[in-house]
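Colleague: compute the structure for the input listed below.
(one chain, ligands or ions: 1)
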Amino acid sequence: MSAFPADFIWGVATASYQIEGAVDEAGRGESIWDRFSHTPGKILTGENGDVACDHYHRYPDDIELMSRLGVDAYRFSIAWPRIVPEGVGGVNQAGLDFYDRLVDGLLAAGITPYPTLYHWDLPQALEDDGGWLNRRTAEAFADYAEVVVDRLGDRIENWMTLNEPWCSSLLGYMAGFHAPGLTGVENGLNAAHHLLLAHGLATPRIQAAGCNAGIVLNMDHMVPASGHPADHAAADLEDQKFGRWFLDPVSGRGYPRDAVEDYGWDMAVVRPGDLDLIAAPIDQIGLNYYSIRIVRSDSVTEADRTEVVAEPTEYTEMGWAVAPAGIIPLLERLRDYGYERIYITESGAAYPDVQDDRSYVDDQDRISYLDRHFEAVSEAIDHGVPVKGYFVWSLMDNFEWGFGYSKRFGLVRVDYETQARIPKASYAWYRDYIRSARA
Ligand code: FCB
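Modeller: Numbering: from 1, shown residues only. Next up is the predicted model:
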């Protein structure tokens, strides 16, 4: 097995809408994912997060599962509509109480909480007012962040503002695959700007409470399909539109120029001073890594390609190429951008997960996936990348957004009929891996 620093953080990750359920309980307001998942045709399986893993009620069992797994840390998200049901205005103490109990339970079990303040479940009331197309949503987010940090900041050191703003803007407002299901390039880019602004406004408020703040970005490693310069240019453009669209402004480099031009974005929503706000210094950054993408330019014919890159041969149940080494250049980039505390905030895989008659899943495919990704991360550390921790996606099977419950990413199987949690082979493997990594 690979070597890791002694203080490396081993963790697991989840997100509120994907696991909590209890959508009508204790004063929680409606979120855009409630509305979206209840809209016919939006979720592949017609399912929703009304019950999900019932974590809202079963969180003590889930803490116990993590405790037996032996993780150092747990990355979860806080549901904004539990805290501020209408998005702005009245704070719901019962919502704060839930996370208070969760955090105390984690700490009692010796597990460090790493919350994310926004993992896509925007209060529907804000969406009714334009959602992320409305600049005021960014201000509302900063106020909400302050409320949460006021309550929990005495026990939590490390906070993340947003999870994968690429998804919440471009999938949610440009492609329509995610809530709220809007479309249009302009919408997507404007939503992205307001999300980034939300991050920039919330960051100093979190830090004012003496806590660390950061953002979680998803990036695919873009691989030019061949040595042809046009394929290289196409891969670079894709990279600008995906990871760098968020990384660059957060890092004080502004929006990537070729991508702005290619989109034909007028930048009308960008007000003077916004880019400085967005570039508020952060203490840490999270990378969610799942795959690579092989990018080819439309202008090149196959005959003109030399040094053609081989297509991946291995895919997960999501249809994502398995490419552990792709994480290395992404991590090196974060190092080169000057980040000194980098976390892999998500990495993991969905597989068919055939169960035996005791519901046990011998997921050797997932074990192999994780093993190879850990190895790649250890190699990046050898290259001088300051990776501080790794959060496996996910602790347990859960509501996989547009795919409903049809995709399973968990180390623990969830029987959605009974809510039984059945640890898979990968759970025991990860437990042993953590033990040996510490030894
Ligand atoms: C990421 C999301 C996470 C989960 C994984 C599979 O994009 O952040 O909630 O759905 O993908």
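
Colleague: the ligand contacts on the chain?
Modeller: Within the chain, the positions adjacent to the ligand are Ala15, Gln18, Asn163, Glu164, Cys167, Asn218, Asn288, Glu346, Trp393, Glu400, Trp401, Phe409 by Cβ under 6 Å from any ligand atom. Every C-beta, even on glycine, is put in place using the N, C-alpha and C of the backbone.

Colleague: what do you get if the cut-off is 5 Å, keeping everything else the same?
Modeller: Counting by Cβ under 5 Å from any ligand atom, the residues of the chain close to the ligand are Ala15, Glu164.

Colleague: who are the packing partners of the longest helix belonging to the chain?
Modeller: Longest helix in the chain, counting residues (DSSP state H): helix 185-208. Judged by 3 or more Cβ pairs under 8 Å, 6 or more residues apart in numbering; DSSP states H and E, helix 185-208 is in contact with helix 135-152, strand 158-163, helix 165-166, strand 212-218, helix 244-250, helix 274-278.

Colleague: for that helix, buried residues please.
Modeller: Across helix 185-208, burial judged by 16 or more other Cβ atoms under 10 Å covers 186-203, 205-207.

Colleague: check stretch 125-134 too.
Modeller: Neighbour-count burial for stretch 125-134 [16+ other Cβ under 10 Å]: Ala125, Leu126, Glu127, Asp129, Gly131, Trp132, Leu133, Asn134.

Colleague: need the strands for this protein, in chain order.
Modeller: Secondary structure of the chain by DSSP state E: the strands cover 9-13, 73-77, 112-118, 158-163, 212-218, 221-224, 284-288, 292-295, 342-346, 387-393, 412-415, 420-423.

Colleague: got these as CSV, with mean pLDDT and distance to Lys241 columns?
Modeller: Formatted as CSV, the strands of the chain follow (pLDDT from 0 to 100; distance: least, Cβ to Cβ, whole Å):
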stretch, mean pLDDT, distance to Lys241
strand 9-13, 99, 25
strand 73-77, 99, 25
strand 112-118, 99, 22
strand 158-163, 99, 18
strand 212-218, 99, 13
strand 221-224, 98, 10
strand 284-288, 99, 17
strand 292-295, 98, 11
strand 342-346, 99, 20
strand 387-393, 98, 23
strand 412-415, 98, 35
strand 420-423, 98, 39
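
Colleague: surely Glu127 is in contact with Ile32?
Modeller: Yes. Between Glu127 and Ile32 there is a contact at 4.9 Å, judged by Cβ atoms under 8 Å.

Colleague: which neighbours do those two share?
Modeller: Common neighbours of Glu127 and Ile32 are listed as Pro180 (criterion: Cβ atoms under 8 Å, 6 or more residues apart in numbering).

Colleague: without its sequence neighbours, what residue ends up closest to the residue in the stretch 101-250 of the chain that the ligand sits nearest to?
Modeller: In the stretch 101-250 of the chain, the residue that lies nearest the ligand is Glu164 (4.8 Å; Cβ to the nearest ligand atom). Closest residue to Glu164 apart from its sequence neighbours, by Cβ to Cβ, 6 or more residues apart in numbering: Asn218 at 4.4 Å.

Colleague: pull the contacting residues for the one you found.
Modeller: Asn218 makes contact with Glu164, Trp166, Cys167, Gly243, Leu287, Asn288, Tyr289, Tyr290, Glu346, according to Cβ under 8 Å, 6+ apart.

Colleague: just to check, the third one is in contact with Ala179?
Modeller: Meaning Cys167. No. At 10.3 Å, Cys167 and Ala179 do not qualify as touching, with contact defined as Cβ under 8 Å.

Colleague: centre-most residue in the protein?
Modeller: In the chain, the centroid-proximal residue (Cα atoms, centre = their mean) is Asn163; its distance is 4.3 Å.

Colleague: tell me who's in contact with that residue.
Modeller: Ala15, Ser77, Thr116, Tyr118, His119, Trp120, Val216, Asn288, Thr345.

Colleague: from the contacts of Asn218, which would you call buried?
Modeller: By neighbour count, with 16+ other Cβ under 10 Å, the contacts of Asn218 hold Glu164, Trp166, Cys167, Gly243, Leu287, Asn288, Tyr289, Tyr290, Glu346 as buried.

Colleague: what does the closest residue to Asp150 other than its chain neighbours show for phi and psi?
Modeller: With sequence-adjacent residues excluded and distances taken as Cβ to Cβ, 6+ apart, Asp150 is closest to Ala209, at 6.9 Å. Per-residue torsions, Ala209: phi -90, psi 10 (degrees, to the nearest 10).

Colleague: what's the burial count for Ala209?
Modeller: By other Cβ atoms under 10 Å, the residues close to Ala209 number 17.

Colleague: right, and it touches Arg151 too?
Modeller: No. Ala209 is beyond contact range of Arg151, at 10.1 Å (criterion: Cβ under 8 Å).

Colleague: from the ligand, how far out is the most far-flung residue of the chain relative to its centre?
Modeller: Here the chain reaches farthest from its C-alpha mean at Ala303, the gap being 39.3 Å by Cα atoms, centre = their mean. Applying Cβ to the nearest ligand atom, to the nearest Å, the value for Ala303 to the ligand is 37 Å.

Colleague: re earlier: the longest helix of the chain versus helix 135-152: what angle between them?
Modeller: Interaxial angle of helix 185-208 relative to helix 135-152 (axes from the mean of the first three to the mean of the last three Cα atoms, to 10 degrees): 30 degrees.

Colleague: can you get me the centre-to-centre distance for helix 185-208 and its chain?
Modeller: 16 Å (Cα atoms, centre = their mean, to the nearest Å).

Colleague: what angle do strand 212-218 and that helix make with each other?
Modeller: Going by the same axes, to 10 degrees, helix 185-208 makes 150 degrees with strand 212-218.

Colleague: is Met31 in contact with Arg82, as I believe?
Modeller: Actually, residue 31 is Ser rather than Met. No. Between Ser31 and Arg82 there is no contact under Cβ under 8 Å: 9.1 Å.

Colleague: which one is Gly110 nearest to, not counting chain neighbours?
Modeller: Closest residue to Gly110 apart from its sequence neighbours, by Cβ to Cβ, 6+ apart: Ser67 at 7.3 Å.

Colleague: who touches that neighbour in this structure?
Modeller: Contact analysis of Ser67 by Cβ under 8 Å, 6+ apart lists Ala109, Gly110, Ile111.

Colleague: try Leu277
Modeller: Leu197, Gly200, Leu201.
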